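Q: I need the structure of the sequence given here:
(one chain, ligands or ions: 1)
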Amino acid sequence: MKKADKILLTVITLSAVLILAGGFIYRSCCKRASAVEVWVSDEKMQSYPLDMDGVYEITTAEGHNTLKIEKGEARIIDADCPGGDCMKMKIDQNGGSIICLPHKLSIIPDRVAAEGTDAVTR
Ligand SMILES: [Zn+2]
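A: Residues are numbered from 1 along each chain as shown. Okay, here's the model as predicted:
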């Protein structure tokens, strides 16, 4: 392959990557989450709408967390894990995630989950 060809190929590849990345950023910025999904280990347990206030008890084999959804925001208000790091995290319609490592629990906005599935099937 000639040097000029290599440069051309690099430029084409870079533009393609930029276009793809641009599309991804555009989609993630403008699509709002409507629900949160509760995952334990790698299994989806439940999903809760973000536009409906509520308090949900989540009990896993590892422990217990209380999820509160209020005014479009989700947070953990009570947990029996050591450290309680999950109580410092929150999700709102723009994103975020709540991870409770000791309980193998993760709570993510549904649009993130949908993009994750996209990436797998693509
Ligand atoms: Zn926790």
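Q: can you pull out the helices in this structure?
A: 3-30, 110-121 (DSSP state H).
Q: for the first one, packing partners?
A: Read it as helix 3-30. helix 110-121 (3 or more C-beta pairs under 8 Å, 6 or more residues apart in numbering; DSSP states H and E). For the C-beta atoms, the positions are set from N, CA and C on the backbone; glycine is no exception.
Q: Can you report how many residues neighbour the closest residue to Gly96 other than its chain neighbours?
A: The shortest distance from Gly96 to any non-neighbouring residue, by C-beta to C-beta, 6 or more residues apart in numbering, is to Lys90 (5.7 Å). For Lys90, the count of nearby residues is 15 (other C-beta atoms under 10 Å).
Q: okay, now the domains of the protein?
A: 1-30, 33-121 (automatic domain parsing).
Q: roughly how far is the first one from the heart of the chain?
A: Taking the mean C-alpha point of domain 1-30 and that of its whole chain, the gap between them comes to 25 Å (C-alpha atoms, centre = their mean, to the nearest Å).
Q: Buried ones in that domain, by neighbour count?
A: By neighbour count on 16 or more other C-beta atoms under 10 Å, the buried set for domain 1-30 is empty.
Q: Could you identify which of the domains of the chain has the lowest mean pLDDT?
A: Looking at the domains of the chain, the lowest mean pLDDT belongs to domain 1-30 (a mean of 78).
Q: Is Ile77 in contact with Glu70, as I believe?
A: No. Using C-beta atoms under 8 Å, Ile77 makes no contact with Glu70, being 9.5 Å away.
Q: Give the phi and psi angles for the spatially most distant residue from the centre of the chain, as a check.
A: Taking C-alpha atoms, centre = their mean, the residue of the chain most remote from its mean C-alpha position is Lys2, at 44.0 Å. Backbone torsions of Lys2, given as degrees, to the nearest 10, read phi -70, psi 160.
Q: Now do the same contact list for Glu57.
A: His64, Asn65, Thr66, Leu67 (C-beta atoms under 8 Å, 6 or more residues apart in numbering).
Q: a markdown table for the residues you listed, including distance to Thr13 and neighbour count?
A: Converted to a markdown table, the contacts of Glu57 look like this (distance: C-beta to C-beta, whole Å; neighbours: other C-beta atoms under 10 Å):
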| residue | distance to Thr13 | neighbour count |
| --- | --- | --- |
| His64 | 49 | 14 |
| Asn65 | 44 | 25 |
| Thr66 | 48 | 16 |
| Leu67 | 43 | 24 |
